[in-house]
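# just the structure for this:
(3 chains)
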Amino acid sequence: MSKFADVIVDVATQDTNKTFQYQIPSQLSDLVKVGSRVEVPFGRRKIQGFVVTIKSTSSFSGKSKNLLSVIDEFPPLNSELLHLSDQLASHLLTYRISVIQTMLPNVLKANYQRFLQPTDSISESTYQQLFQNQETKQLPLNQIKDYELIKLIQKSLKNKETKIVYQVKNKAKDKVTTQIDLGLGMPVYQKLLASIRSNATNQQKLLKFIIKNPQKFPIIQTQLVKEAELSTNFLSEVEKKGWIKRSKIQINRNPLADLTIQNEASAKVLTQEQETAVQAINHALAKRQKQVFLLEGITGSGKTEVYLQTIAKALTNQKQALMLVPEIALTPQMVRQVFARFGAKVAVLHSGLSDGERYDEWRRINGQEVDVVVGARSAIFAPLQNLGLIIIDEEHESTYKQEENPKYHAREVAKWRAKYHQAVLVLGSATPSLESRARAQKKRYQLLLMTKRPTQLALPQVDLIDMTQAHFSSQLDLSDELITGIKQTIAKKQQVILLLNRRGYANFMLCRDCGYVLKCPHCDISLTLHKDTQQMKCHYCGYEASIPKRCLECQSTRIKFFGSGTQKIEELLQQLIPESTILRMDVDTTRRKGGHQKILDAFGNHEADVLLGTQMIAKGLDFENVTLVGVINADSGLSFPDFRSSEKTFDLLTQVSGRAGRASLPGKVLIQTYNPNHYAIQLAKNHNYEGFYQKEMAIRRQGQYPPYFYLNLITVTSKLEQKAAMVAFKIKSLLKKELSDQALILGPTPQAVTRLKDHYYYQILIKYKVEPKLYSVLNTIKTQAFDSKKDKVNIYLDVDPYQFN
DNA sequence: AGCACGCCGACT
DNA sequence: GTCGGCGTGCTC
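Have a look, this model is predicted:
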């Protein structure tokens, strides 16, 4: 009896956001499993899809086509992830295939190729023109740009002289290397060495190496080449003589290969507070009940050790653990510690890996070869089947929210998975998100407080520098007080971390005669001066232009650059303190692979006195010689049109302050600000998270924002401004009609940056508490055609938005 | 998404 | 009459 498969097809549109049914041919019946990645005919193409159900009766009224092939040996999706993809797609109002694709490593994305092949009726001349240079009698069509050739192909297709065949290419490749084994017995090698010509140096080298290190065989070819100082050519010669045997073996790319393991593999002695936290979590682990903990511990209170000991507990309970960190490249110390404690049982997943490395790590996880996974946001989808513990470190970080589609929040996915597995979820932070802290208040989460540092070291003294009153010896960016602080620290051979949340040199160019500001031609945003590359760059779309010498409007030479970025401050600082060495760390200096690590290692080795950077220096760094932290402009985040701007500022200041005085030396923090009385800055100065929580909650209640209200952001975009606005107003009236009058519908308003990459953006914000009809309304908005295909209007939905633009 | 089909104006 | 541009609708 033949069977049928329901397949989610690799076409991300509203129309295809459902299953398509295919018949399973008998020769594939043993291979096709639920979760398999398969190749199917779709229209006249062949595409990739994922099997979500297998059934024995047809539910499709038409005639099902046959499934063509199964791509992987083992299904990439298990039933949990299939279930999750379904729920998440409807929760986020996106396509299920998009969710599936974010769950899986990149190499499992399909790579489609089209080839032109001759038919029987092809004429000799057409064949000559199209195929004479093709060995395989087929012409790859993917990147043909020659117009004459395209015309020729079209004509041949029309005359049925040729046809197009479609291929689904699998990008997933195992990494293969050559291994060398001995071909003869040891006494034979001894004899050979004795009888060989004295000028056959390479042969002698190899024989001596074999006799000296027989235990090293089989050996990887590249390693042998290196150790015995031979060439691969030579090795293939001696292979012919039968001295050695070469074979291909599959190996895993190992991203942790060059991580040196520190000697901190054993558990540390816990403080009373740590002990209490570990006990509480371990107790929940033992009960195997779904439970959420909020671990609120000040910077330096030793949250990491709590994580490590509870992971160990989960493992002894025969369970697996998953730990998320905001961005691995920025928290290498954390990864190193997990690796040191749990060794080969650990897999890492993050954006710094190559596609191949990521695929190998993922396969180790999917094969259940590891018990601990550490990774950034998307690691929340790691296919562990026996999860007992999920940890989210720095749970308040906005990096856990993906800003591209599907716009999921890893914390929410973690809750879903914890429930599914009856697992324990630990949310850790020095400055928990208000959402999480409020849930702890309501006892939905269990709050675990850690208020002391194990070293008994006090939190650093924080001083505010009021920039409206401060003294400046030169430019207005660096106050004398901060400069003096830096000089004194350097004089004591100690180090400084400086935070400036703006990259580039100067962020806008103004003509002092006509007031003209140089803007990006595609976005309504001023261009930033980059002195190192001698260019004006758009930080939104990447547009680059040369630095103007004259005003483009009035030709005046009285142009000036305003708004200091990291490049400018670096230059300024070097002038003011010539004896200092400065390392700059921002997206521009860390773009290359391993760029973060290089800078951090150099700073750790005290090759520089000052580490100057954007917010990427605020997280997780632990350098014991840093005794001064300076914040150059604490106000930069406060002016954003975002209800979380105070929270972000408070978090950033608290986080960066925690970088000072990590070991025996007391730390100090200097914060330059134009708003010294702002509550976020005042409370950060006093290390008063609980005070901030109370104050900010009152403001959120007043403003009807989360955690009191839910949010939903609708963005309408078009190349034509009126069109975007018109559709936005239509959507608003539809919402008004369908939702209760408890819901607040704000806008439509043009985005703060109205035009981006030549598109206009209008947005509508819905605030609500309970709206049973909301999802069905949003679904109709998504499906409803507000536009013709001609001047396209796109509608984006963001459930629980974090970025407002 | 990509592909076909069908409609309509334009060109040899 | 046929070519090509664009809008519409469908893919198990």
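# number of nearby residues for residue A:647?
Residues lying near residue A:647 (other Cβ atoms under 10 Å) number 22. Where C-beta positions appear, they are placed from N, C-alpha and C, glycine not excepted.
# was I right to think it contacts residue A:696?
Yes: using Cβ atoms under 8 Å, residue A:647 is in contact with residue A:696, at 6.2 Å.
# what's the overlap in contacts for the two?
By Cβ atoms under 8 Å, 6 or more residues apart in numbering, residue A:647 and residue A:696 have these common neighbours: residue A:434.
# just give me the neighbour total for residue A:793.
For residue A:793, the neighbour count with other Cβ under 10 Å is 19.
# can you report phi and psi for it?
Residue A:793 has phi and psi values of phi -110, psi 130 when expressed as degrees, to the nearest 10.
# also the one 4 residues further on?
With angles defined as degrees, to the nearest 10, residue A:797 shows backbone torsions of phi -110, psi 140.
# okay, and the beta partners of it?
Counting by DSSP bridges, residue A:797 forms beta bridges with residue A:714.
# check contacts around it.
A:92-93, A:712-715, A:778, A:781-782.
# go with 7 Å
By Cβ atoms under 7 Å, 6 or more residues apart in numbering, the residues touching residue A:797 are A:93, A:712, A:714, A:778, A:782.
# wait, doesn't the third one sit right on residue A:729?
Read that as residue A:714. No: using Cβ atoms under 7 Å, residue A:714 makes no contact with residue A:729, being 11.8 Å away.
# more neighbours, these two?
The neighbour count for residue A:714 versus residue A:729, taken as other Cβ under 10 Å, is higher for residue A:714 (24 against 15).
# so what's that one up against?
Contact partners of residue A:714, counting by Cβ under 7 Å, 6+ apart, are A:731, A:763-764, A:795, A:797.
# DNA strand B contacts on chain A?
Proximity of chain A to DNA strand B is confined to A:11-13, A:15-16, A:43-45, A:112, A:114, A:166 under the rule Cβ under 7 Å from any atom of the strand.
# and which of those residues is nearest residue A:636?
Lowest distance from residue A:636 to the residues of chain A next to DNA strand B (Cβ to Cβ) belongs to residue A:12, with 36.7 Å.
# quick check: mean pLDDT of the longest helix belonging to chain A?
Longest helix of chain A, by residue count under DSSP state H: helix A:721-738. For helix A:721-738, mean pLDDT rounds to 88.
# one more: stretch A:486-495?
90.
# now that stretch, how far from the chain's geometric center?
36 Å (Cα atoms, centre = their mean, to the nearest Å).
# which helices and strands sit right next to the least confident helix or strand in chain A by mean pLDDT?
Counting by mean pLDDT, DSSP states H and E, the weakest-scoring helix or strand in chain A turns out to be helix A:147-158, with a mean of 75. Judged by 3 or more Cβ pairs under 7 Å, 6 or more residues apart in numbering; DSSP states H and E, the packing partners of helix A:147-158 are helix A:124-131.
# could you rerun that using 10 Å?
strand A:111-118, helix A:124-131, strand A:162-169 (3 or more Cβ pairs under 10 Å, 6 or more residues apart in numbering; DSSP states H and E).
# what's the burial count for residue A:77?
25.
# can you check the pLDDT for it?
Residue-level pLDDT assigned to residue A:77 equals 97.
# and for residue A:475?
Looking at residue A:475, its pLDDT stands at 69.
# could you measure from the closest residue to residue A:697 other than its chain neighbours over to residue A:425?
Nearest non-adjacent residue to residue A:697, counting by Cβ to Cβ, 6 or more residues apart in numbering: residue A:434, 6.4 Å away. From residue A:434 across to residue A:425, the span is 18 Å (Cβ to Cβ, to the nearest Å).
# ok, back up a step: list residues touching both of residue A:714 and residue A:729?
Taking Cβ atoms under 10 Å, 6 or more residues apart in numbering as the criterion, residue A:714 and residue A:729 both touch A:747-748, A:762, A:764.
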